[in-house]
Each structure stands twice: as C-alpha cells, then as structure tokens.
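**Student:** no sequence on this one, just coordinates:
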C-alpha cells in the first residue's frame, strides 16, 4: 500500500478551518498585566426634598453594602427658601413632607413637585442602572429607560401579602390622614391612621405605637422614607407588633434587583 504524504506548507491560513499555531505569548495575556476593572453598579436615589439625604443613605447602605455606588439627586436642589415656600400645598392638593439639606422639614404640594422630579430624573437616568424614589407618596409612572422602584407600590404589595386583620399607619402630617385611609383601606379589614412627623415630632412615636397596640393593630407601617431604624425599634417596642419600614423594604428590593 502506498502512503500519501500531504504537504500543507503552501496552504493559506484558515482555508482548512484552522489557523496556524499561535505562540503562548500571543494567546495569553502578558504577565503582570492588570485585568480590566468591572463596571460599578450605580443606583440613583431621588428625593422629593434636597440631597444629600444623610439621614437615609447610610441606612440604605447597611442593606446594600459598599459594592453599589449611590448617586443622589433632589427635586428641590438649588432652590432658595423663597422658591421652596411657593411649592406649599394649595387647596385640596396632596400634602408631601420632606427634608431639606439643613435638616429642617417642609410641606410641599404633590402637583408642584412632579415636574421638578421629572427634570431631575431625566438627568439621573443616563448615569445609573436603576432609581429609588425616596417618597412613599402616590406617583404615576415616570417615563424611564431604567427601572424605578416606587416605595408606595412595594409597601402596598407587601402589606397585602401579609393580610393583616388590623393595620396601623403612622404618617408624617395630620393632613395626610384622609388620603391614607383611601390608600390603605383595601389592605386590611380594619385600619387606624395616626400622625407623627419623623422630622419635627419623633418623640411622639412611642405613644403612637402604644396607641395603635391598644386599638388592636397587628401590623404597623411607618409610611414615610423619613422614618429610620431607631424609630422603627421604638414603635415596635411600645406596640409589641411587627413594624414595616419603607427604607429597608426599598433597599432590599433594590439589592434583589441589582444583585
């Protein structure tokens, strides 16, 4: 039998479905070369007040960890005290309570703040992977190219899943009580709404928790991003019932979304 010897020395590379052997120097990265750093995940935090929210961000960070970069923006950033005063609720307008950069609080009208939020959101969205809306008020969905987490929707869904018999709500301003009755009525058989500002009257929270316990509430919601972990602990201790905090619910949802 004759054995044919094939000579590939003149065959152009790639014609037979393979390329000539490459040296290890070309195939492997150079020794000592640093790998390309991974792009950091960036999370927007949009407040209806002024940034930075030094009261909220550290508690969000306690849930999110340090791997996620938080980029803040505020609807009232750059406005003077006179300009902010002009945003006060008018007539039957929905009342929102928020914090300013100096630590004071202010009441603003829902209709006044929505256009400002839209402007800040348009600037924020191209720079982040998702956005947290730092307000539990009712907002129609904003046009967005990134996910936006709305605390009101998260809280309503969570409470409805828990199906409490008697729901207790603590809200920042007495003027919000009627609106809260409408919002939360479908979530429980019975509902009690009390007012205590996280900014101006946090010392009343223990008494409010005890009052809700006497009324028979078996689940309590602190319905504002202004309430913090220490306030939750006080209400839980005096009420003896579970307490839901929008800050940490929002942060855990973001961690699940971005993790």
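**Tutor:** Perfect, I can see it now. None of the values given here were measured: they were computed from a predicted structure.

**Student:** which residues are in contact with the one helix or strand residue 107 maps to?
**Tutor:** Using DSSP states H and E, residue 107 sits within strand 105-109. With Cβ atoms under 8 Å, 6 or more residues apart in numbering as the test, strand 105-109 has contacts from 48-49, 76, 84, 87-90, 93-100, 173, 197, 199-200, 226. In this view, the C-beta of every residue, glycine as well, is placed from N, C-alpha and C.

**Student:** Let's see that with 6 Å instead.
**Tutor:** 84, 87, 89, 90, 93, 95, 96, 97, 99, 100, 199, 200 (Cβ atoms under 6 Å, 6 or more residues apart in numbering).

**Student:** Give the burial count for the fourth one, as a bare number.
**Tutor:** Spelled out, it's residue 90. 9 (other Cβ atoms under 10 Å).

**Student:** which ones are touching it?
**Tutor:** residue 109.

**Student:** ok, now the first one?
**Tutor:** Contact criterion Cβ under 6 Å, 6+ apart gives 76, 106 as the residues in contact with residue 84.

**Student:** Show the model's pLDDT score for it.
**Tutor:** As predicted, residue 84 sits at a pLDDT of 98.

**Student:** Run the chain-centre distance for the host helix or strand of it.
**Tutor:** Assigned by DSSP H and E, residue 84 falls within helix 81-85. Relative to its chain's centre, helix 81-85 lies at 26 Å (Cα atoms, centre = their mean, to the nearest Å).

**Student:** right, and the helix or strand after it?
**Tutor:** Taking DSSP H and E, what comes next after helix 81-85 is strand 95-99.

**Student:** how far away is the residue nearest to residue 130 when sequence neighbours are not counted from residue 251?
**Tutor:** Distance criterion Cβ to Cβ, 6 or more residues apart in numbering; nearest residue to residue 130, sequence neighbours excluded, is residue 147 at 4.4 Å. Remark: distance between residue 147 and residue 251 (Cβ to Cβ, to the nearest Å) = 14 Å.

**Student:** which one of those two has more residues nearby?
**Tutor:** A count of neighbours by other Cβ under 10 Å puts residue 251 above the other of residue 147 and residue 251, at 23 against 14.

**Student:** gap between that one and residue 193?
**Tutor:** Relative to residue 193, and taking Cβ to Cβ, residue 251 is found at 25 Å.

**Student:** what about the nearest residue to residue 125 once chain neighbours are set aside, is that helix, strand or coil?
**Tutor:** Excluding the flanking residues, the one nearest residue 125 by Cβ to Cβ, 6+ apart is residue 146, at 5.3 Å. Here residue 146 is recorded as coil under DSSP: H, G, I helix; E, B strand; the rest coil.
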